[in-house]
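**Student:** Provide a 3D model corresponding to the input given below.
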Amino acid sequence: MGRNVQVVFQTRYSFFGSSGWRSEASKTAEILFDPARLSRRLDLFRRMTLACLRDQTDPDFRLVVLTSTRLPEDHLARLTEACSDILGAGRAQVIPRAPGSAGQWLRRYMHRHMADVPHSAQVVLDDDDALSVDFVERTRTEAEFALTAMAPGQDCVYLSWASGLTARFNPDGGVDLMPREVPFTNLGLTLVAPTMTSRNPYMLAHKKVARRHAVRVFHDQRPWYLRAVHDLNDSRAMHGDDPLPRAAVEAVLDRFPLLRDMDLVALRAARAAE
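**Tutor:** Presented below is the predicted three-dimensional model:
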């Protein structure tokens, strides 16, 4: 019989610290906190990350946004306001922290503020990416099953969502969609464990997760995430060039309604497939 699991999304937003590979720009405070750059990052965060959470079929989740104490106060206010406006009051917590390990800061937050939650599913969600409308619903089901299936002595399991899409943002405002199939990707990587665990999904090399932990990988022909590719990526932006088949466009829009608000999505995908 399954145990209740709290789904917690964990997002780094212009965090000036360590948490895996980062672009050179994100290592330089003057560039990371440039007003024009921050404005564009907030736009992506609103259109992608917050929009996908707003559209979830299961609204029972929490969002923790880890940012920097060096983030300008006016932008911190805009960031906090965006979370409240789109998700509602109390759904998200924005936590500015000093330089350090993102995983350690997030682990401390979980221990201090969610100690009353026995088990949690801690989900990696970058501040420019998105997840499908049924991600919370499916994650809770899979997490509760995973807890019942743990071997003796096993203290955690990771959920890896291999099937997704690349969303390439172009200078003209259009978005190209391309299938992506990558097991052990960081997109939506989920740690299922007691909330007071010493682990955190930002404290491991995600490509090597299966070498050290039990992992359930889902290859089920449905896209679970959108990987945003643009000129401000803070992580390696590798992708293929094969367009999404025209017949798949409408199903994708149903799974990611936020795409309906972005110019040229269906048109680009359909033309490329002709």
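**Student:** what about Pro118, distance to Ala36?
**Tutor:** Distance, Pro118 to Ala36, using CB to CB, to the nearest Å: 44 Å. Bear in mind the C-beta positions are built from the backbone N, C-alpha and C, glycine included.
**Student:** so the two - more neighbours on which side?
**Tutor:** Neighbour totals were compared for Pro118 and Ala36, and Pro118 leads with 14 against 7 (other CB atoms under 10 Å).
**Student:** tell me the confidence at the more buried one?
**Tutor:** The confidence metric pLDDT takes the value 96 at Pro118.
**Student:** for it, phi and psi?
**Tutor:** phi -60, psi -50 (degrees, to the nearest 10).
**Student:** look up how far Val252 lies from it.
**Tutor:** Distance, Pro118 to Val252, using CB to CB: 36 Å.
**Student:** go on, Arg47?
**Tutor:** Arg47 is 16 Å from Val252, by CB to CB.
**Student:** the more surrounded of the two?
**Tutor:** Set Arg47 next to Val252 and count neighbours by other CB under 10 Å: Val252 wins out with 21 against 18.
**Student:** looking at it, that one is touching Tyr225, isn't it?
**Tutor:** No. At 11.7 Å, Val252 does not count as touching Tyr225 under the criterion of CB atoms under 8 Å.
**Student:** anything in contact with each of the two?
**Tutor:** Contact criterion CB atoms under 8 Å, 6 or more residues apart in numbering; residues shared by Val252 and Tyr225: Leu165.
**Student:** all strands for the stretch 51-200 of the chain, in order.
**Tutor:** Ranges of strands in the stretch 51-200 of the chain, per DSSP state E, counting those that start in this stretch, are 61-68, 92-97, 119-124, 130-131, 157-161, 163-169, 175-181, 190-194.
**Student:** turn those into JSON lines, including mean neighbour count and distance to Tyr13.
**Tutor:** Shown next, in JSON lines, are the strands of the stretch 51-200 of the chain (neighbours: other CB atoms under 10 Å; distance: least, CB to CB, whole Å):
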{"stretch": "strand 61-68", "mean neighbour count": "21", "distance to Tyr13": "5"}
{"stretch": "strand 92-97", "mean neighbour count": "18", "distance to Tyr13": "8"}
{"stretch": "strand 119-124", "mean neighbour count": "24", "distance to Tyr13": "13"}
{"stretch": "strand 130-131", "mean neighbour count": "29", "distance to Tyr13": "15"}
{"stretch": "strand 157-161", "mean neighbour count": "23", "distance to Tyr13": "21"}
{"stretch": "strand 163-169", "mean neighbour count": "23", "distance to Tyr13": "18"}
{"stretch": "strand 175-181", "mean neighbour count": "19", "distance to Tyr13": "21"}
{"stretch": "strand 190-194", "mean neighbour count": "23", "distance to Tyr13": "19"}
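**Student:** distance of the residue nearest to Val182 when sequence neighbours are not counted from Ala149?
**Tutor:** What sits nearest to Val182 in space, not counting adjacent residues and going by CB to CB, 6 or more residues apart in numbering, is Ala162, at 6.0 Å. Distance of Ala162 to Ala149, computed by CB to CB: 19 Å.
**Student:** okay, these two: which has more neighbours?
**Tutor:** Using other CB under 10 Å, the more surrounded residue of Ala162 and Ala149 is Ala162, with 18 against 11.
**Student:** hmm, Pro183 and the more buried one touching each other?
**Tutor:** Yes. Counting by CB under 8 Å, Ala162 does reach Pro183; the two are 4.4 Å apart.
**Student:** identify the contacts common to those two.
**Tutor:** Joint contacts of Ala162 and Pro183 (CB under 8 Å, 6+ apart) are 217, 219.
**Student:** residues contacting Leu226?
**Tutor:** 48, 52, 129-131, 164-167, 256, 259.
**Student:** change it to 6 Å
**Tutor:** 130, 165, 167, 256 (CB atoms under 6 Å, 6 or more residues apart in numbering).
**Student:** and which of those residues is nearest Gln154?
**Tutor:** Ranked by distance to Gln154 (CB to CB), those are led by Ala130 at 31.0 Å.
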